[in-house]
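J.: Sequence and predicted structure are below.
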There are 2 protein chains.
Amino acid sequence: MTQASDLDSLIRKLERRDVLSAAEREALISAAGSRESYPAGADLVREGDRTDRSILVTHGFTTRYRVLADGQRQITAIHLPGDFVDLHSFLLRKMDHSVGALSNVRVVTFPHANLRLITERHPHLTRMLWLTTLLDGAIHREWIVAMGRRSALEQMAHLICELFTRLNLVGLAEFDREVNLPITQTELGDTLGLSAVHVNRTLQQLRAEQLIVWQGQSVRVLDWGRLTSVAKFDPTYLHLEREPR
Amino acid sequence: MTQASDLDSLIRKLERRDVLSAAEREALISAAGSRESYPAGADLVREGDRTDRSILVTHGFTTRYRVLADGQRQITAIHLPGDFVDLHSFLLRKMDHSVGALSNVRVVTFPHANLRLITERHPHLTRMLWLTTLLDGAIHREWIVAMGRRSALEQMAHLICELFTRLNLVGLAEFDREVNLPITQTELGDTLGLSAVHVNRTLQQLRAEQLIVWQGQSVRVLDWGRLTSVAKFDPTYLHLEREPR
DNA sequence: CGAGGTCTTGAAGACGATCAACAAACGTGG
DNA sequence: CCACGTTTGTTGATCGTCTTCAAGACCTCG
């Protein structure tokens, strides 16, 4: 069964934005269903699926992606522990994208029936769950800005800044230490809308400018200040303030 | 004061996705606050604002946009009548983008206090409002796919297909008739992440291929089937099915 | 009628894609 | 523990899409 500690990242993420009552934490824990594991490369959900549950990542990394008719692939979101991969399926019902595992992942499922109960009994907790999907939307908008108006170098730097900040939030990154990012250059290309070759050259440029070290899955930011300035990274869109919501 | 008919587009948009009870329609109407008007070019909301209300467009077109330090601009959403421009400000609190009027617009405001009451008394209506922000997110994802993996021509065709479909939903477009789109080529460029010059050439190509006629603000699709196939437009992401949510 | 915004066109150049080949790292089974 | 096959990363050369710059036409509205 699900253990309370599985929800630590989620609760940490929520409590960064507002206070949760003990009753709300309880409600969240009792809404959780089964634990599951998926190997790297597996699909957790497929485009077109109609599921009766939403999935929370507890360990590992996943992506939302779509594959076009000609085989081209675009990743539209990267999920870290504490992120729901498809909370929107609770109301959208039919998946308009797939969800794949970047690394081996462990998840906890939330039956939609239980989520519905939360919306009927816990207005504030409902708003907090709603908030997590709004944060998704804010990140989507930032990616649109990056894809539309930033160079490959800026875009890459921006993604690294975002991932570090979000990982830090759930205790998985310190800004001056190396971090584990299980994502290949091909996947980075599918995320940023670039070719894998150009991703490679962009990373080399970031390395040449002494901004990062990226070897295998280990990434280290050498100069956070300069990286954020290259990226024009402003974390406002992550809404990190704790306030009544 | 707000008239019930101001909410027609919103209610039409919601009822396309699920049934609303009379009590829910009432609750929505009584949650509405003042009516306001803005001239084309005005800002309804500015990045950094903390507002105590959310805005619903009843007439006209608006955009969400961000301006980068170097003056570059990126539009991240286009709103039609029946769309909330910033329902997310109810929970995100601080705006991470601005909202501008593409045309003269009329709006109805919803004080956050009233929205909060809805979340406390009307679980299903709350889910429907939540749903509208999830639809925003789904559209964002589709734009990310378009920006990352589609050519300028495909991207432009896709945007036209999306706008026609969304306008049709609120009774403002027939697929074989001309439609009023108050958006300049510069603004199209800021939407698609292209230069205004390239937007111009892309539109000329769509015209040369007998797909559209676009003169001033009047747009007419000449061959919906071929346009959707050029755009690889699949409306799944707009979640047009009516079902329990 | 004039002025500012919008649209259009041409020329040159940059950024990133594509193609191709090879090196390095990884994992799997023998 | 090594051999081998596969995935991932790296490099060079060429190509194409889209950008930038610049100028002129058109249009709308005071």
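T.: Everything's here; your move. Numbers count the residues shown, from 1 in each chain, chains lettered A, B, ... in the order given.

J.: Pull up the gap between the residue with the largest distance to the centre of chain A and A:Gly225, please.
T.: Most distant residue from the mean C-alpha position of chain A: A:Ala208, 28.1 Å away (Cα atoms, centre = their mean). Going from A:Ala208 to A:Gly225 by Cβ to Cβ, to the nearest Å gives 18 Å. C-betas here are computed from N, CA, C, even on glycine.

J.: all helices for chain A, in order.
T.: A:8-15, A:22-31, A:89-92, A:112-121, A:123-149, A:152-169, A:185-192, A:196-208, A:224-231 (DSSP state H).

J.: how about the nearest residue to A:Pro244, chain neighbours excluded?
T.: A:Asp18 (6.3 Å; Cβ to Cβ, 6 or more residues apart in numbering or on different chains).

J.: again with A:Tyr38
T.: Per Cβ to Cβ, 6+ apart, closest to A:Tyr38 is A:Ala101, 4.7 Å.

J.: so who does that neighbour touch?
T.: A:38-44, A:60-62 (Cβ atoms under 8 Å, 6 or more residues apart in numbering or on different chains).

J.: A:Gln74 against B:Gly148, yeah?
T.: Yes. Checked against Cβ atoms under 8 Å, the pair A:Gln74 and B:Gly148 is within contact range at 4.4 Å.

J.: shared neighbours, those two?
T.: With Cβ under 8 Å, 6+ apart, A:Gln74 and B:Gly148 have common neighbours A:190, A:193.

J.: How is chain A partitioned into domains?
T.: A:4-141, A:151-238 (automatic domain parsing).

J.: do you know which of those lies nearest B:Asp234?
T.: domain A:4-141 (8.9 Å; Cβ to Cβ).

J.: before we move on, the earlier item: the helices of chain A into TSV, with extra columns for distance to B:Val107?
T.: Output for these, formatted as TSV (distance: least, Cβ to Cβ, whole Å):
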stretch	distance to B:Val107
helix A:8-15	31
helix A:22-31	34
helix A:89-92	25
helix A:112-121	27
helix A:123-149	20
helix A:152-169	32
helix A:185-192	36
helix A:196-208	42
helix A:224-231	35
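
J.: pLDDT at A:Val19, what is it?
T.: Per-residue pLDDT puts A:Val19 at 98.

J.: what about the nearest residue to A:Val213 once chain neighbours are set aside, neighbour count?
T.: Nearest non-adjacent residue to A:Val213, counting by Cβ to Cβ, 6+ apart: A:Arg220, 4.5 Å away. A:Arg220 has 13 neighbours, counted by other Cβ atoms under 10 Å in any protein chain shown.

J.: Same check on A:Thr184?
T.: Quick note: A:Thr184 (other Cβ under 10 Å) scores 14 neighbours.

J.: Report the contact partners of it.
T.: A:Thr184 touches nothing, counting by Cβ under 8 Å, 6+ apart.

J.: Go ahead and confirm A:Arg167 touches A:Val179.
T.: One thing to correct before we go on: residue A:167 is Leu, not Arg. Yes. A:Leu167 is in contact with A:Val179 according to Cβ under 8 Å; the separation is 6.1 Å.

J.: what touches both of the two?
T.: A:Ala173.

J.: what sits against A:Ser89?
T.: A:45, A:49, A:51, A:54, A:95, A:112.

J.: And the contacts of stretch A:141-151?
T.: By Cβ under 8 Å, 6+ apart, stretch A:141-151 touches A:76, A:154-155, A:158-159, A:162, A:192-193, A:232, A:237, B:64, B:66, B:68, B:72-74, B:76-77, B:96-97, B:140, B:143-144, B:147-148, B:190, B:192-193.

J.: How about stretch A:35-42?
T.: A:1-2, A:6, A:44, A:58, A:100-109, A:182.

J.: and whichever residue of chain A sits closest to DNA strand C, how many neighbours does it have?
T.: Closest to DNA strand C within chain A is A:His198: 3.0 Å, counting by Cβ to the nearest atom of the strand. Residues lying near A:His198 (other Cβ under 10 Å) number 15.

J.: Likewise for A:Arg106?
T.: 15.
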